[in-house]
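Q: Below is the sequence, then the predicted model.
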Amino acid sequence: MLTQPISVTFDIGNGAQVTLETGKLARQADGAVTVKQGNNIILATVVANREPKEGQEYFPLSVDYQEKFASAGRIPGSFFKREGRPSDYEVLVSRLVDRALRPLFPEDYFCDVQVLITLISSDEQVMPDALACLAASAALAVSDIPIKEIISEVRIARVEGKMVANPLRNDLAKADMDFIIAATDKNLMMVEGESLECSEEDLVKALEVAHEAIRIQIRAQVELRAKKKVKEKREYEKPLQKEELRTKVEEFTKSKIYDISRKGTTKNERSEAFDQVKEGLVASLGEEASDEDKKLSKKYFEDLKWEVVRNMILDERVRLDGRKLDEVRPLAMEVDPLPTPHGSALFTRGETQSLTTVTFGTPLDELLVESAAKSVDSKFFLHYNFPPFSTGEVKMLRGQSRREVGHGNLAMRSLKQMMPGKDYAYTVRIVSDILESNGSSSMATVCAGSLALMDAGVPIPKHVSGVAMGLITRQSDNKYAILTDILGDEDHLGDMDFKVTGTREGICGVQMDIKVDGLSMDTMREALEQARKGRLHILDAMYECINSPRPEVKPHAPRMEKLFIDKEYIGAVIGPQGKVIQEIQRETGTTINLEEVGNYGEVSIFSPAKDGLEKAVAWIKGIVAVPEVGQVYESKVKSVMPYGAFVEFLPGKQGLLHISEISWKRLENMEGVLADGDTVKVKLIGIDHKTGKFKLSRKALMPKPEGKAQHSQPNEPRG
């Protein structure tokens, strides 16, 4: 017997009705929910194995978001005409959901969990990424899979000065702040987004507005769960624990961990020292120790190290590398380290290093960003590479990981705020290769990218820098420590890691993951203020390296100029079957892109050489120029007749240079006077508006002999 669907409808305050429904689709999944707003429908399913895999030591959660092109009535543009590997956009949405869901599961839960989120009906105005996490959390809520809390995500944008929850796509295009925020009923969990130099207080305000909208979504999930009458959460097998072994590990290693941690050593020195302690620990268990005990002892060692280092930082205000809590590691940076790229920079902060390049392209090089709802071309994009040697590891190279896509997106969104507008004709690609990593290579990418853009001559008005922050708390005595420019180890042991990018005037990008309950807004404000000081410190060093964009692109970079012409001249520039524009490109060695925009034509001209660019610009200006009586033109003889010569004084515009207007001296014929291909400077002395014929004179540019009138009337053509 079919069960009846169960649904809940609510409004988060923006006037739009959102409906959660379960019991109709995908009923064999452990949990399945659809989220509907307008014509937008998202299906989220969740399935978890009953037992963990043998020897499993981590939580294997997989989250995948996919957009079906059929949801928007479209066929994929790939060769196979079907959805393929996830796009960067789908990967980014998957990461947003994954980062919010992962902390919900118990720390000792190691069963495989798969969350699949699918856009099955698309709405042009409704942004599906803001609803994906709501769908996933609701699917978990109506299942018996063990989770600690119910969460949700919401987008907050500031549109024309007003904070709006889950704005429509048209409104989002006008926003100067755009953040996606995840939270439980009590605590913030994740923040990601961009802004046009907003203040720290603006960000806090956005978080507060978002939390209120999220609470509405959580109440709707609780109501849906109650209507479905979900049974108790399932029991699961917990990992083996041996308290006696844990005590031995603590007695053998605690003091050693403390001594290593407070020496202020480098990453490699610490790793080697900790490895030696771990080897000694295993050896101390004796040869009779089982493989299980050896394995468990290593886990207890890592748990103890996490606790010892945290307490050291909280109680002694000492960090692993000896820095103060608010101190940025030593900085080193240079621009133009590579001779051939159009722009380049090397940025080093402590043991993290980014080599970044900028490449200019034409509109033909724009990146197609395709989703179910729409496809757009992007003139600015950034690629981030994290090779295994950057951390001294050996790994297979199998394309970009989700982490690389996410880090590159944060850097791209941050730098995008300072990029020139649509009138800038270049397509700009930034590539950041991480050569060394120990803490926040994404922030090194932002800094190196800003330096490389200025080195390339991109007219960005300000530098953008970024810094990764950490937070360690201890609730037993309400102690906390805010860390500036965190190391990789500090990222692992912290309760909150957040990356903040921006200029001297405000924030451009944020990525934040919060792992602690009860974080107050006052603590958040303090952390953001410390991040601002760290960001300004790095910006000062960047301005010392290069304080403004180069006035011109480098000699080996393609030249570019953009012209705007009247719509009526577009056909003249293109010519019949494209003959004119092809001739211009062939003769000048340029690449020309012409687009119709409103009532005018936008002409972008690219050339590897300055001379070719100038020649093409003059050629096109000549085509669209309106001849003016009294102007002087450099003309080319096209044909010689007995009564004068026809000359082209502007591209596509010819006139008669009558024999009587060639010289003050009377000429009997044209023999030996002019020949085809000769260049001659002429003055436009008249236009017959009835016939459209142009009257040209050469003698008007010559000194007038005594007693001669300025112009003699041209005789009628002879013969």
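A: Yep, it's here.
Q: you'd agree Gly15 is in a strand?
A: No: counting by DSSP: H, G, I helix; E, B strand; the rest coil, Gly15 is not found in a strand; it is coil.
Q: Can you get me a residue count around Ala136?
A: 30 (other C-beta atoms under 10 Å). No exception for glycine: its C-beta is placed from N, CA and C like everyone else's.
Q: can you check Asn385 too?
A: Neighbours around Asn385, by other C-beta under 10 Å: 19.
Q: Run through the residues that contact Val33.
A: Listed by C-beta atoms under 8 Å, 6 or more residues apart in numbering, the contact partners of Val33 are 20-22, 43-44, 135, 138-139, 141-142, 224.
Q: mind checking the SS state of Pro146?
A: coil.
Q: excluding its backbone neighbours, what's nearest it?
A: Closest residue in space to Pro146, ignoring its immediate chain neighbours: Lys233 at 4.4 Å, by C-beta to C-beta, 6 or more residues apart in numbering.
Q: now the one you found: how far from Ile584?
A: 71 Å (C-beta to C-beta, to the nearest Å).
Q: go on, Thr591?
A: In terms of C-beta to C-beta, Thr591 sits 10 Å off from Ile584.
Q: cool, and Ala675?
A: Distance of Ala675 to Ile584, computed by C-beta to C-beta: 25 Å.
Q: So between those two, which is more surrounded?
A: Taking other C-beta under 10 Å, Ala675 and Ile584 do not tie; Ile584 has more neighbours (20 against 10).
Q: was I right about the more buried one contacting Val617?
A: No: using C-beta atoms under 8 Å, Ile584 is not in contact with Val617; the gap is 10.0 Å.
Q: what ranges of the protein fall below the confidence cut-off?
A: Low-confidence segments of the chain, defined by pLDDT under 70: 1-2, 707-719.
Q: what residue is smack in the middle of it?
A: Centroid-nearest residue in the chain: Met412, 3.0 Å away (criterion: C-alpha atoms, centre = their mean).
Q: Assumed that one was part of a strand.
A: No: assigned with three-state DSSP, Met412 falls outside any strand and is helix.
Q: hang on, it packs against Val369?
A: No: when contacts are counted by C-beta under 8 Å, Met412 is not listed as touching Val369 (11.5 Å).
Q: Only the buried residues of the helix of greatest length in the chain, if you could.
A: For the chain, the helix that runs over the most residues, judged by DSSP state H, is helix 200-228. Using 16 or more other C-beta atoms under 10 Å as the test for burial, helix 200-228 gives 200, 202-203, 205-207, 209-211, 213-218, 220-221, 224-225, 228.
Q: If you count neighbours, what's buried in the next helix or strand along the chain from it?
A: Using DSSP states H and E, the helix or strand that directly follows helix 200-228 along the chain is helix 243-261. Residues of helix 243-261 classed as buried by neighbour count (16+ other C-beta under 10 Å): 245-246, 248-250, 252-253, 256-258, 260-261.
Q: from what I can see Pro705 touches Trp664, true?
A: Yes: with contact defined as C-beta under 8 Å, Pro705 reaches Trp664; the gap is 5.4 Å.
Q: Tell me which of the two has more neighbours.
A: Counted by other C-beta under 10 Å, Pro705 and Trp664 do not tie: Trp664 has more neighbours, with 15 against 9.
Q: Touching, that one and Lys699? I think so.
A: Yes: in this structure, Trp664 is within contact of Lys699 by C-beta under 8 Å, at 5.1 Å.
Q: Sketch out the helices for the stretch 301-450 of the chain, chain order is fine.
A: All helices of the stretch 301-450 of the chain, identified by DSSP state H, counting those that start in this stretch, fall at 402-416, 441-456.
Q: possible to save the ones you listed as TSV with distance to Leu281?
A: Below are those laid out as TSV (distance: least, C-beta to C-beta, whole Å):
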stretch	distance to Leu281
helix 402-416	31
helix 441-456	32
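Q: between those helices, which gets nearest to Leu338?
A: Closest of the helices of the stretch 301-450 of the chain to Leu338 is helix 441-456, at 9.6 Å (criterion: C-beta to C-beta).
Q: So what's the residue count around Val446?
A: Neighbours of Val446 under the rule other C-beta under 10 Å: 34.
Q: Is the spatially closest residue to it that is not a sequence neighbour in a helix, a strand, or coil?
A: Nearest residue to Val446, sequence neighbours excluded (C-beta to C-beta, 6+ apart): Gly466, at 4.0 Å. Secondary structure for Gly466, judged by three-state DSSP, is strand.
Q: how deep is Gly466 tucked in, by neighbour count?
A: Gly466 has 31 nearby residues by other C-beta under 10 Å.
Q: Can you tell me who it pairs with across the strands?
A: With DSSP bridges as the criterion, Gly466 is bridged to Thr501.
Q: Ala541 contacts Met333, correct?
A: Yes: in this structure, Ala541 is within contact of Met333 by C-beta under 8 Å, at 6.7 Å.
Q: Perfect, I'm done here.
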